[in-house]
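Colleague: Fold the following, please.
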Amino acid sequence: LLGDPDLPVRFQAAVALRGLIYNPEESAPREGIEELIGSVFPQLLQEMFNLMDQIGSDELIATVEVLIECFAEQAAPHAENLCGRLAQHFLRLASADDGQDDEASFAACQCCRAITTLLEA
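Modeller: Take a look at the predicted model:
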């Protein structure tokens, strides 16, 4: 669904992905998900960043954070690029924020959390 031509479908698929990957009751990835996501991890990250370039949403960044947290080993080779992309996204959101846009502020904060998660992974 992340390859769907309609932006709302891609956005909802990305947000739903977070719930499919992470089990909040166990504070861990869902059973069996590592094999499914691990094989397409780089492509999935690229699609997430493509979406983030189009929509400044804290929900998308939260999904990236879950990906980083749950797939730390797969994220390690991409850490420099991930950190750079998250920093770029943060700067874009922070410069677009005129003090009135709460969603941009939340998304910028979520970028900082995702960078912290990456550094701790």
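Colleague: check contacts around the most centrally placed residue in the chain.
Modeller: Among the residues of the chain, the one closest to the centroid is residue 64, at 1.7 Å (C-alpha atoms, centre = their mean). By C-beta atoms under 8 Å, 6 or more residues apart in numbering, the contact set of residue 64 is 45, 48, 49, 52, 82, 86, 114. Yep, even glycine has a C-beta here, placed from its N, CA and C like the rest.
Colleague: Ok, residue 110 next?
Modeller: 58, 61, 62, 65.
Colleague: The second one contacts residue 114, correct?
Modeller: Yep, that's residue 61 we're talking about. Yes. Residue 61 sits in contact with residue 114 when judged by C-beta atoms under 8 Å, with a separation of 5.5 Å.
Colleague: Help me confirm that residue 3 is found in a strand?
Modeller: No. If the criterion is DSSP: H, G, I helix; E, B strand; the rest coil, then residue 3 is coil and not within a strand.
Colleague: returning to what we had before: helix or strand for the residue nearest to the centre of the chain, which one?
Modeller: Using DSSP states H and E, the element containing residue 64 is helix 58-70.
Colleague: Pull the distance from that helix to the chain's centre.
Modeller: Centroid separation for helix 58-70 versus its chain: 4 Å, with C-alpha atoms, centre = their mean, to the nearest Å.
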